[in-house]
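Enquirer: With the input below, show me the fold.
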Amino acid sequence: MSIKSQPIAEIPALTQQVAKVAFPKGNPYLTLRDELGTVFEDTDFTELFSNTGQPGLPPWRLALITLLQFREDLSDRQAAESVRSRIDWKYLLALELTDEGFDFSVLSEFRKRLVDKGQASLLLDKLLQCAQEKGLLKARGKQRTDATRVIAAIRKLNRLELVGETMRAALNELATIAPEWLKTIAPKRWYSRYGRRVEDYQLPKTEGRRNQYAQKVGNDAYYLLSCLEESEIASWQDLPQIKALQLVLERHYEYNAEAPEAERVRWKSKKELPRAKEGMESPYDIDARFRSRRGVNWVGYAVHFSETCDDDHCHLITHVETTDASVHESQRTEEIHQALIDKQLSPAEHFVDSAYVSVEHILNAREQQIEIVGPSRQNASWQSKKKGAYDESWFKIDWEAESVTCPEGKQTQSWKMRTRPEGRDYIQARFSQSDCKDCIAKVICTKGAQRTLSFLPQPEYDILQRIRFRQGRLEGKKRYERRAGIEGTLSQAVRRFGLRRSRYCGLEKTHLQSIAIGAAVNLDRLINWLNGVPLEKTRVSRFKALEVA
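Expert: Alright, predicted model coming up:
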């Protein structure tokens, strides 16, 4: 498949005439074409296609159709049908009224090219570039960022179902590429054990029998891998389901090659499992991860939206970041800043919630001329949650003398600089056991033998105190109210554009979906801005309005 770059043709005269008659009061896609043009050009996608071969459909049209598809939450079949049947789509795409359209499979092939070449960001970046050229987007303004969950397109499995279904998926994959070889090594019991999806079987109920079943699956899986190592199947290590099987075995089993054959494989207990970052949840989407946040559990991904929020400009999404669910927001702050700088859209003020804020992030952002506006993380100690207890604010720090004085007048006996596993330095100050043992305030100060305080070095400590002071003042709270608008953006993307659930399996494809939805939101907002539609205000019930009156 190749592309032949040609000048974008004008809208056919008959298409223009019929569209203007059909929509005398205007139409979003007519406005989009008249004001912003086609947004994309064929030259934007030269890396996706070969220079030789059968000519394909113009990629600028496929990119626009992809955005329209996500704006209206359509399937590939529905999008292809809209190209054939809708006048407003034909107007935007500069098609004749008699154009027969194309097969719906072309859209999935186009998305695959975007993913394989790592060019999914073009769908958003070209639209942002077009908005900049029209003066609808500026850098060095105000922006805000927040994240929401994306549920993977898989069924959630428990441990027993996971190991059994992963083994079944690996056998199905091998039955497709090497059926004769698989017949020679597969025992007859495998056909009854892995012939159907695991949830179709009645799995054991008691703990002992469940462990026996898991042990059988583990023995079967390691036997299969040993057979593959001795086989002549080329590149079997690169097969997706074999990779999934190896990941599951590594996390849920322990293999000891030196033990007797009957004892080499051992099913791990739940306490022995490594953290969720290393935990695959389904053989059909090895990128999806489990996460629990604020009482909400899900398996899948997290998507971060950044948008402009200046009062005098259209609010547009400037960056979309997608990670697996186990990646915390604090790990993406600097990556988001760098991405905005690379796009020449870095903000002067960046409004975020506490998950994105740390002293280190604030200092690094200042070097990039970005001010992070957001609350610092609150003290999570039990003393801060109990009324009258001695939290850190009760203690006086003498930086020059390198000592801390407690509310009862006692001073620390040690002051040491330490380093956390992630590389951050902190100070640990410790009071003596003899002072704490006989102290009358011990029950409201510490539950241990002595009180130990951990805090940042002085420059970072002073910054943290200033942040907490500002966020407690009325003007700080009023300024931070600007961040709340990103909640509405995420709600719009979830409720109207289908952001909550992934259509596809895998991180890269889910990221493509997130980018396309971000660009579709921008299309919606650009059309409304060009048509002079004002921003919606927060809804207030009639009864609540009486209070204001």
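
Enquirer: so the residue nearest to Ser121 when sequence neighbours are not counted, which of the three states?
Expert: Distances taken as Cβ to Cβ, 6 or more residues apart in numbering place Ile515 nearest to Ser121, at 6.2 Å, with adjacent residues excluded. No exception for glycine: its C-beta is placed from N, CA and C like everyone else's. Recorded secondary structure, Ile515: helix (DSSP: H, G, I helix; E, B strand; the rest coil).

Enquirer: ok, how many other residues are close to Val39?
Expert: When neighbours are counted by other Cβ atoms under 10 Å, Val39 registers 22.

Enquirer: returning to what we had before: wait, isn't the residue nearest to Ser121 in contact with Ala120?
Expert: Yes. Ile515 lies in contact with Ala120 (Cβ atoms under 8 Å); the separation is 5.2 Å.

Enquirer: So those two - more neighbours on which side?
Expert: Neighbours of Ile515 and Ala120, each counted by other Cβ under 10 Å, are more numerous for Ile515; the result is 26 against 22.

Enquirer: what's the spacing between the more buried one and Lys126?
Expert: 11 Å (Cβ to Cβ, to the nearest Å).

Enquirer: Ok, Gly118 next?
Expert: On the measure of Cβ to Cβ, Gly118 and Lys126 end up 15 Å apart.

Enquirer: Neighbour count: those two, which is higher?
Expert: Counted by other Cβ under 10 Å, Gly118 and Lys126 do not tie: Lys126 has more neighbours, with 19 against 10.

Enquirer: Enumerate every residue touching the residue lying closest to that one once chain neighbours are set aside.
Expert: The shortest distance from Lys126 to any non-neighbouring residue, by Cβ to Cβ, 6+ apart, is to Phe40 (5.5 Å). By Cβ atoms under 8 Å, 6 or more residues apart in numbering, the contact list for Phe40 reads Pro59, Trp60, Ala63, Leu64, Leu122, Lys126.

Enquirer: any chance of those in CSV, plus secondary structure, pLDDT and distance to Tyr223?
Expert: Listed next are the contacts of Phe40 as CSV, based on DSSP: H, G, I helix; E, B strand; the rest coil; pLDDT from 0 to 100; distance: Cβ to Cβ, whole Å:
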residue, secondary structure, pLDDT, distance to Tyr223
Pro59, helix, 91, 48
Trp60, helix, 93, 53
Ala63, helix, 95, 48
Leu64, helix, 95, 52
Leu122, helix, 95, 46
Lys126, helix, 95, 52
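
Enquirer: Which of those residues ranks first by neighbour count?
Expert: Ala63 (25 neighbours).

Enquirer: Please report the distance of the closest residue to that one other than its chain neighbours from Pro58.
Expert: Once flanking residues are discounted, Ala63 sits nearest to Phe40: 4.5 Å by Cβ to Cβ, 6+ apart. Remark: distance between Phe40 and Pro58 (Cβ to Cβ) = 9 Å.

Enquirer: Any stretches of the protein with poor pLDDT?
Expert: For the chain, applying pLDDT under 70 flags the ranges 1-2, 4-5, 276-278, 549.

Enquirer: tell me the domain ranges of it?
Expert: If you go by automatic domain parsing, the domain ranges for the chain are 13-119, 142-148+290-376+475-518, 159-278, 382-457.

Enquirer: quick one: the strands in the chain?
Expert: 142-151, 253-255, 265-267, 289-293, 296-308, 317-324, 349-351, 371-373, 396-398, 403-405, 414-419, 425-430, 452-455 (DSSP state E).

Enquirer: can you tell which of the ones you listed is closest to Ser541?
Expert: When these are compared by Cβ to Cβ, strand 142-151 sits nearest Ser541, at 25.8 Å.

Enquirer: List the buried residues in that closest one.
Expert: By 16 or more other Cβ atoms under 10 Å, the buried positions in strand 142-151 come out as Lys142, Gln143, Arg144, Thr145, Asp146, Ala147, Thr148, Arg149, Val150.

Enquirer: Also stretch 489-501?
Expert: Those would be Thr489, Leu490, Ala493, Val494, Phe497, Gly498, Leu499, Arg500, for stretch 489-501 by 16+ other Cβ under 10 Å.

Enquirer: Pick out the most distant pair among the residues you listed.
Expert: Top of the distance list for the buried residues of stretch 489-501 (Cβ to Cβ): Thr489 and Gly498, 14.6 Å.

Enquirer: ranges for the helices of the stretch 1-150 of the chain?
Expert: 13-22, 28-36, 59-71, 76-85, 87-93, 105-116, 122-133 (DSSP state H, counting those that start in this stretch).

Enquirer: would a markdown table of those helices with distance to Arg420 be doable?
Expert: Formatted as a markdown table, those follow (distance: least, Cβ to Cβ, whole Å):
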| stretch | distance to Arg420 |
| --- | --- |
| helix 13-22 | 62 |
| helix 28-36 | 49 |
| helix 59-71 | 42 |
| helix 76-85 | 48 |
| helix 87-93 | 54 |
| helix 105-116 | 37 |
| helix 122-133 | 36 |
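
Enquirer: so which of those helices gets nearest Gln458?
Expert: So among those, helix 122-133 is nearest, using Cβ to Cβ, at 41.3 Å.

Enquirer: Which strands or helices does that closest one pack on?
Expert: Counting contacts by 3 or more Cβ pairs under 8 Å, 6 or more residues apart in numbering; DSSP states H and E, helix 122-133 packs against helix 59-71, strand 317-324, helix 507-530.

Enquirer: returning to what we had before: from Leu67, how far out is the residue nearest to Ser121?
Expert: If you go by Cβ to Cβ, the gap between Ile515 and Leu67 works out to 10 Å.

Enquirer: list residues touching both of the two?
Expert: Leu123.

Enquirer: Let me know which of the domains of the chain is tucked in deepest.
Expert: Most buried of these, by mean neighbour count (mean count of other Cβ atoms under 10 Å): domain 142-148+290-376+475-518, with a mean of 19.

Enquirer: Distance check, the residue with the largest distance to the centre of the chain against Leu316.
Expert: Note on the chain: the largest C-alpha distance from the chain mean falls to Asp438, namely 51.4 Å (Cα atoms, centre = their mean). Using Cβ to Cβ, we find Asp438 at a distance of 63 Å from Leu316.

Enquirer: same question, Gln17
Expert: In terms of Cβ to Cβ, Gln17 sits 33 Å off from Leu316.

Enquirer: list the contacts for the nearest residue to Tyr194 once chain neighbours are set aside?
Expert: What sits nearest to Tyr194 in space, not counting adjacent residues and going by Cβ to Cβ, 6+ apart, is Arg168, at 4.3 Å. For Arg168, the contact set (Cβ under 8 Å, 6+ apart) comprises Tyr194, Arg197, Val198.

Enquirer: closest to Asp312 among those?
Expert: Closest to Asp312, out of all of these and judged by Cβ to Cβ, is Arg197, at 56.2 Å.

Enquirer: And the closest one, its phi and psi?
Expert: Per-residue torsions, Arg197: phi -60, psi 140 (degrees, to the nearest 10).
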